[in-house]
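Student: just coords:
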């Protein structure tokens, strides 16, 4: 049985840059930071000779696991990849003050698909791109939804 979501893993180009972005933009803190290599990682990731470094970041109940691979050499994604392309398109973070989080992310260098948009009292939301073009959504639930 499913208990909860534990973390979201993201492969990044530059671990230090991504740590700075997520800590500054979303107020996350580093829980763990280390190198990775060895048989267990090779088996789990199905990547022979894999190694690199990782960081686990946390804010509230959100955990991000950032990986910077040194082997195998990663293939770069298109940082402007349309969210209509097949695969995981985004993850969503519920926030309590979308305007404040938007400003904080903007100061951290995020790019946005649009300013926050209100969806008929249900929610206000926008899509955000990190320095590698990975997409996530920030969403503030509408007042009428919160009171139901």
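Tutor: Received the coordinates, thanks. None of the values given here were measured: they were computed from a predicted structure.
Student: how about low-confidence regions in the chain?
Tutor: 143-148 (pLDDT under 70).
Student: Just give me the neighbour total for residue 39.
Tutor: Using other CB atoms under 10 Å, residue 39 has 8 other residues around it. C-betas here are computed from N, CA, C, even on glycine.
Student: Checking the nearest residue to residue 81 once chain neighbours are set aside next. Helix, strand or coil?
Tutor: Leaving out its chain neighbours, the residue that sits closest to residue 81 by CB to CB, 6 or more residues apart in numbering is residue 133, at 6.3 Å. Using DSSP: H, G, I helix; E, B strand; the rest coil, the structure places residue 133 in coil.
Student: Now for residue 133: which residues touch it?
Tutor: 77-81 (CB atoms under 8 Å, 6 or more residues apart in numbering).
Student: Find the residue closest to residue 11 in space, skipping its chain neighbours.
Tutor: Spatial nearest neighbour of residue 11, chain neighbours left out: residue 67 (5.0 Å); criterion: CB to CB, 6+ apart.
Student: Noted, bye for now.
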